[in-house]
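**Student:** Output the structure for:
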Amino acid sequence: MVNGVAGSSLVLVLLGAILSLVASVLYEGMVVSLVRDVQDGRRDLSVGELFQSVAPVVWPLAAASILFALGVGVGFVLLIVPGLFLLTIWAVIAPAIVIENQGVIEAFGRSRELVRGNGWPVFGIVLSAALITAIVSIVLISIAAAIADGPILRIVLGVLASTVTAPITALVAGVLYYRLLQIKGDPGAGIRPSAAADDYTPPPPPPPVPPGPGAAA
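**Tutor:** Numbers count the residues shown, from 1 in each chain. Purely as a prediction, here's the structure:
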């Protein structure tokens, strides 16, 4: 009986982890796409279109998120400093996948390339975002522990907590990505032109001016 309860709890924990990962990945991709969309000063994509723009890269985002979590987690176990280093150089993996359509492994290298030379400013921004996310998560988890009567409700509230905090890191990553592009001298990379710009047709050239009376002479 005890083994059955323990097995059920383990399954519920794994289910909650999977749901949290899916929710975080989807929101991360959609927020990064939103940051790309508003680079032209206006929002052109609906929520459905944002979701469709993320759908082709969901699996690479999920794989990169898992590798990111494993790498940073091991780094924190190794005296914390390696974890902070990896947290910094991998700060813009998601934009590299969503905006540049990089592969999973290539996105890690691309993020390192963009961060190179700007490590300390990126570290400060990423650390601030991580602290805000951690505080929000702790508050939400504490509320969940206080009001949840069973494991299923705890899982639901845990997924909601991940959903609330995921846009914070995604927004930071998207803004950082474009800022780093500007610093590297490539401010227009990855910017999606607006629908109005796509539909714009330049006006025809003005008709030639007829020659004056004395032109023939």
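**Student:** dump the residue contacts of L84.
**Tutor:** By Cβ atoms under 8 Å, 6 or more residues apart in numbering, the residues touching L84 are G75, F76, F123, L127. Yep, even glycine has a C-beta here, placed from its N, CA and C like the rest.
**Student:** now with 7 Å?
**Tutor:** Going by Cβ atoms under 7 Å, 6 or more residues apart in numbering, L84 touches F123.
**Student:** Relative to G124, how far out is it?
**Tutor:** 11 Å (Cβ to Cβ, to the nearest Å).
**Student:** got it, and V139?
**Tutor:** For V139, the distance to G124 - Cβ to Cβ - is 23 Å.
**Student:** same check, this time on E100
**Tutor:** 25 Å.
**Student:** neighbour count winner among the two?
**Tutor:** Between E100 and G124, counted using other Cβ atoms under 10 Å, E100 has the larger neighbour count: 14 against 11.
**Student:** Give me the secondary structure label for the more buried one.
**Tutor:** coil (DSSP: H, G, I helix; E, B strand; the rest coil).
**Student:** From E106, how far off is it?
**Tutor:** 9 Å.
**Student:** for I141, same thing?
**Tutor:** 34 Å.
**Student:** swap in A63?
**Tutor:** From A63 to E106 the distance is 12 Å (Cβ to Cβ).
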